[in-house]
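Student: Here's a sequence, model it:
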Amino acid sequence: MKFFTIATSLFLLVFSAQAQVLSVKEQAVTINEVLTDRIDNLLPKLMDEAKIDCWLIISREYNEDPILKTFLPAEWLSARRTTMLVFYRDKKNESIHSYAIARYQVGKSIQAAWNPEKEPNQWKALSKLIDSLNPNQIALNTSKDYGHADGLHLTEFNELKNAMTPSQLTKVVSAEKLGVAWLETRTAKEMAFFPTLLSISHQIIKEGFSNRVIQPNKTSTNDLVWWFRQKVSDLGLSTWFHPSVEIQRRISNEKDAIIRPGDLLHVDFGISYLRLNSDVQEHAYVLLPNETSAPSELVAAFNKTNRLQDILTSNFKTGITGNEILAASIQQAKAEGIQPSIYTHPIGFHGHAAGTTIGMWDMQQGVPGTGDYAMRKNTCYSIELNATHTIAGWNKPVRIALEQNGCYDGSSFDYLDGRQKTILLIQ
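Tutor: Now for the predicted structure:
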């Protein structure tokens, strides 16, 4: 009966993950609905906040600006030739105008604004459109601190300068503030399915950390890594980084990567779905023959690291910087007897996304630039951190490294699909 229960649970787990993944066509519908909503309802607010009334995004095919890709409809897998997008905020009429200097519109929201028969030169057509709009500022994707917002390449920049009038050139500014806000801000439509992305991620990890996949004394960490990759592919999904699986074990002569009873396993895993990303780290313990639960010392260490998560997210506040959050959290953790290391990052359109950076593994005193960026509401974060614990009988201090994803709404932080609160067990 026990075997039947375990097998049935695993079957339901696998079926549930598959059932939650929309068909490619359904995914396209969702992506396009979200994009239209973001352009119509989010972009005007962000342009007003940044005090930018004209935003240019320019890229060539297969050399895309990271931000440009977030404006392409689901049917576009890349830019086409040279793709030029212009977003104009008509504050007087409280409207947003979206143009493509192209022969055809880009999706439903971005209208074509180039007639090659009247103006054969695409760059001059862009300049003429800007003249007709007469904006106060012309924002370009250049940024020192964020690669995500630094997508205008030198060739396109030089072409643009050559096509612009002297008056237009005086209006050029960086779109960094607007670009980062566009990337990091999540909408209600996105938050409706973001938890599903985390649910799928968690289910895949639970299946991987089970006897369905792991045969103690036989399965290696590399076997498990490639199982994760294959599982993602079989579900019709993709991953934005190669997973990793690590072993921590008691004092032992076994130094290989074969998973054995008594091992503490750690996985770092994430997937991409509906243009958003997950990034999750969890732990599992392989039971010894005489065990029915993880050792109490490991459980205590795990609980202490859960507490570190609580400390960090309790310090989230709109308007304060990542470096300020980091300093306050480390101070509080150490006062509670925790040895912390915090390296939390925004997550969304990118796995390591634009926004408020809260530490890096090698920068526990603060991160110049991205750590000085103030936290905003309706933004999501990968709560990535670890705490080390000295446990008798283990090779070295045990490192409990956890990572879970959640959203900050301006007043509180909530995990998108919960978080790991107990160590997973493998028979």
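Student: so how far is residue 111 from residue 202?
Tutor: 41 Å (Cβ to Cβ, to the nearest Å). To be clear about C-beta, it is placed using only N, CA and C from the backbone, and glycine gets the same treatment.
Student: which one of the two has more residues nearby?
Tutor: Counting neighbours by other Cβ atoms under 10 Å for residue 202 and for residue 111 shows that residue 202 has the greater number, 22 against 14.
Student: Show me the contact partners of stretch 92-105.
Tutor: Here stretch 92-105 makes contact (Cβ atoms under 8 Å, 6 or more residues apart in numbering) with 39-40, 43-44, 47, 80, 83-90, 106, 109-114, 116, 122, 125-126, 129, 133.
Student: ugh, wrong one, stretch 173-184
Tutor: Under the contact criterion Cβ under 8 Å, 6+ apart, stretch 173-184 has outside partners 38, 42-43, 46-47, 49-50, 52, 55-56, 66-67, 70, 137-146, 148-149, 346, 348-350, 353-356, 373, 376, 379-380.
Student: Just the buried ones from the contacts of stretch 92-105?
Tutor: Taking 16 or more other Cβ atoms under 10 Å as the criterion, what is buried in the contacts of stretch 92-105 is 39, 43-44, 47, 80, 83-89, 106, 109-110, 113-114, 122, 125-126, 129, 133.
Student: Among those residues, name the ones in strands.
Tutor: Members of these lying in strands (criterion: DSSP state E): 83, 84, 85, 86, 87, 88, 89.
Student: Let me know the closest of those residues to residue 272.
Tutor: residue 83 (21.9 Å; Cβ to Cβ).
Student: correct me, but residue 317 touches residue 377?
Tutor: No: using Cβ atoms under 8 Å, residue 317 makes no contact with residue 377, being 10.2 Å away.
Student: Just want the angle from whatever helix or strand residue 131 lives in to strand 82-90.
Tutor: Using DSSP states H and E, residue 131 sits in helix 122-133. Orientation check (axes from the mean of the first three to the mean of the last three Cα atoms, to 10 degrees): helix 122-133 against strand 82-90 gives 0 degrees.
Student: Can you tell me what sits against whichever helix or strand comes after helix 122-133?
Tutor: For helix 122-133, the succeeding helix or strand toward the C-terminus, using DSSP H and E, is strand 138-140. Strand 138-140 is contacted from outside by 50, 52, 54-56, 130, 152, 157, 160, 168, 171-175, 178, using Cβ under 8 Å, 6+ apart.
Student: related to what we said a few turns ago, save the ones in strands among the buried ones among the contacts of stretch 92-105 as TSV, and put in pLDDT and distance to residue 97 too.
Tutor: TSV is the format used below for those (pLDDT from 0 to 100; distance: Cβ to Cβ, whole Å):
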residue	pLDDT	distance to residue 97
83	95	17
84	96	14
85	97	11
86	98	8
87	98	7
88	97	4
89	95	8
